[in-house]
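[1] Generate coordinates for the sequence data below:
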Amino acid sequence: MKILLVSTYELGHQPIGLASPAAQLLQRGHDVRCLDLAVEPFDCVRAADVELVGISVPMHTALRLGVHAAGRVRALNPTCHMCFYGLYASLNGEYLLGHAADSVIGAEFEPPLLALADRLSGGAPTGTAGVWTKDHFSEPFLGRQQFLKPARNLLPPLKRYAQLINNGAQHLVGAVEASRGCAHTCLHCPITPVYGGRLRIVPQDVVLADARALVDMGAEHITFGDPDFFNGIKHSMAIVRQLHDDFPKVTFDATIKIEHIVEKRELMPELKRLGCLFVVSAVESLSDRVLLCLDKGHTRAQIDEALGIVRQAGLWLKPSLIPFTPWSTMTDYLELLDWAEQEALVESIDPVHFAIRLLLPPGSSLLSKPYTIPHLLGLNQADFSYEWRHPDERMDRLHEEVAALVESAVHARTDRCLTFARIKEVARAAAGAPPVAPLAARQTQGVKPPYLTESWFC
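    Okay, here's the model as predicted:
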């Protein structure tokens, strides 16, 4: 069967959401081609004669762009079977099946996608486990599967994707995943309603084979895309130890929860020794009230403790943030900006994080909470999220202003410190606070933290 797998956005990395299922489909004998619209133009030739189109939607942005891509494919190839798969597919299954998709696959997508291809080629696509169609509802597949080394050869070269800037030098980057799902159930996270606290481990030999393939393609840095690298801590540490033995000069980064940094502080120096440059952590907010609403599992005090632990190990902490929630106050926002400045984190935080607004997709665990309900305005199906209004209308206006400022700064490639200074000026004006002097010098006094050239988040 001729199959086209499409990605629209995967955080600036080669999409493993294409490479992983492609490997299994190829092994079964299907004719597979891939199209990454994040770095490639739409290809009419690749889309015109395929029988199955799979669109990978691991994030909200990818879903919005994916629906547009599906329309373009449909116009060229109206008889193809259109399947959306990935985390945001099952969350938005009803809308997709009514407007863009013939089938939807969530959670562990490789086995259902392979089964769908096999059954379509045999003429009987209905009733496949893990595949939700207009005629057959199926829960997302969460069973075990046999992972294969992703088919990276079907994707554009690494130079087309985000790169690492470290000490003024530019390096090619590859992204792998050692696990999927998450053992934690943070209420705002889209993984929670799909995986429900379950974790799926990618075998060590598969992860290392994938990393070796990326190094052979020129990668000098590896991003571990796991929702939390310390979910399966023995597994993860075994992988980076072996990776360092095989490629001592290759660096890496990983995402680790604040509470895990605090609990496993003794491992931070080893991560540094093994080549870790920075740790991404979902700080989200400094407000203990907001953190409790999100059920983040950490407190403001632990955030500061984790920052000290990471710095003592010689690593950089890169916080991710959700400063705009229904429960965040103007005071919270100003305190967050002051904290970033006082802790010399301005250049470690992508400016877009100061503009992130809480996303409530269908199925979000927050929707039923009594502290969320009063703020909800209803489901905007076309935008794949519930709209909400802040009780302080200044916060909604501030979000719009900061988001526009950040988007303009990204396109203009404005210096992060200058962008931050503008955000702080706008925020203080919104709060009716007097202006303050702009940053006098770079936060890191000449030493810039390493960063990836892709700045968007979700």
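[2] Which elements pack onto the strand or helix carrying G308?
    Applying DSSP states H and E as the criterion places G308 in helix 300-312. If you count contacts as 3 or more CB pairs under 8 Å, 6 or more residues apart in numbering; DSSP states H and E, helix 300-312 packs onto helix 258-263, helix 268-273, strand 276-284, strand 316-321. C-beta here means a position set from N, CA and C on the backbone, and glycine is covered the same way.
[3] tell me the angle that helix makes with strand 276-284.
    170 degrees (axes from the mean of the first three to the mean of the last three CA atoms, to 10 degrees).
[4] and helix 300-312, how far out from the chain's middle?
    Relative to the chain's own centre, helix 300-312 is displaced by 23 Å; criterion: CA atoms, centre = their mean, to the nearest Å.
[5] Residues contacting that helix, please?
    By CB atoms under 8 Å, 6 or more residues apart in numbering, the surrounding residues in contact with helix 300-312 are 258-259, 261-262, 265, 268, 279, 281, 283, 286-288, 291, 298, 316-317, 319, 343.
[6] Can you select the buried ones from those in PyMOL?
    To isolate the buried ones among the contacts of helix 300-312 in PyMOL, judged by 16 or more other CB atoms under 10 Å, type:
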select buried, resi 258+259+261+262+265+268+279+281+283+286+287+291+298+316+317+319+343
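[7] on that earlier part again, any chance of the helices and strands packed on helix 300-312 in a markdown table, plus mean pLDDT and distance to T372?
    Converted to a markdown table, these look like this (pLDDT from 0 to 100; distance: least, CB to CB, whole Å):
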| stretch | mean pLDDT | distance to T372 |
| --- | --- | --- |
| helix 258-263 | 98 | 23 |
| helix 268-273 | 98 | 35 |
| strand 276-284 | 98 | 15 |
| strand 316-321 | 97 | 19 |
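[8] Dump these to TSV, plus distance to F84.
    Output for these, formatted as TSV (distance: least, CB to CB, whole Å):
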stretch	distance to F84
helix 258-263	32
helix 268-273	36
strand 276-284	26
strand 316-321	26
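[9] Out of the ones you listed, which gets nearest to M59?
    strand 316-321 (13.2 Å; CB to CB).
[10] returning to what we had before: CA atoms of the helix holding G308 as PDB?
    What follows is helix 300-312 as a C-alpha-only set of coordinates in PDB (Å, rounded to 0.1, in the frame of the first residue of the first chain):
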ATOM      1  CA  ARG A 300       8.000  27.700  44.900                       C
ATOM      2  CA  ALA A 301      10.600  26.700  47.500                       C
ATOM      3  CA  GLN A 302      11.500  23.600  45.600                       C
ATOM      4  CA  ILE A 303      11.900  25.600  42.400                       C
ATOM      5  CA  ASP A 304      14.600  27.700  44.000                       C
ATOM      6  CA  GLU A 305      16.100  24.600  45.500                       C
ATOM      7  CA  ALA A 306      16.300  22.900  42.100                       C
ATOM      8  CA  LEU A 307      17.800  25.900  40.500                       C
ATOM      9  CA  GLY A 308      20.600  25.800  43.100                       C
ATOM     10  CA  ILE A 309      21.200  22.100  42.600                       C
ATOM     11  CA  VAL A 310      21.400  22.400  38.800                       C
ATOM     12  CA  ARG A 311      23.800  25.400  39.000                       C
ATOM     13  CA  GLN A 312      26.000  23.700  41.600                       C
END
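[11] Sort out which residues of it are buried, please.
    Buried, per 16+ other CB under 10 Å, within helix 300-312: R300, Q302, I303, E305, A306, L307, I309, V310.
[12] now, which of those residues sits nearest I373?
    For the buried residues of helix 300-312, the nearest to I373 is R300 (25.9 Å; CB to CB).
[13] Look up the closest residue to G71, ignoring the ones flanking it.
    A100 (7.1 Å; CB to CB, 6 or more residues apart in numbering).
[14] my guess is that neighbour contacts F84, does it?
    Yes. Using CB atoms under 8 Å, A100 is in contact with F84, at 7.1 Å.
[15] Which residues are in contact with each of the two?
    Counting by CB under 8 Å, 6+ apart, the contacts common to A100 and F84 are A70.
[16] And the two? Which one has more around it.
    F84 (31 against 21; other CB atoms under 10 Å).
[17] Where do the domain boundaries of the chain fall?
    2-133, 157-452 (automatic domain parsing).
[18] So which of these is the most surrounded?
    domain 2-133 (a mean of 21; mean count of other CB atoms under 10 Å).
[19] picking that back up, of all the helices and strands packed on helix 300-312, which one is nearest A412?
    strand 316-321 (21.8 Å).
[20] And that closest one, what does it pack against?
    strand 276-284, helix 300-312.
[21] Compute the inter-axis angle for the longest one and strand 316-321.
    Which is helix 300-312. Using the same axes, to 10 degrees: helix 300-312 against strand 316-321 is 150 degrees.
[22] so who does L286 touch?
    Contacts of L286 by CB under 8 Å, 6+ apart are R300, I303, D332, E335, L336, W339.
[23] Reduced to three states, what does the fourth one come out as?
    Classification of E335 by DSSP: H, G, I helix; E, B strand; the rest coil places it in helix.
[24] Return the member of the contacts of L286 nearest to P150.
    I303 (34.6 Å).
[25] next structured bit after the longest helix along the chain?
    Ranked by residue count, the top helix of the chain under DSSP state H comes out as helix 393-412. Per DSSP H and E, the first helix or strand lying C-terminal to helix 393-412 is helix 416-431.
[26] Mind listing residues that contact that following helix?
    Counting by CB under 8 Å, 6+ apart, 330-331, 333-334, 337, 340-341, 346-347, 350-351, 354, 394, 397-398, 401-402, 405-406, 409, 434-436, 438-439, 442-443 sit against helix 416-431.
[27] Skip ahead from it and say which helix or strand is next.
    strand 451-452.
[28] same for that next one, what does it pack against?
    strand 163-166.
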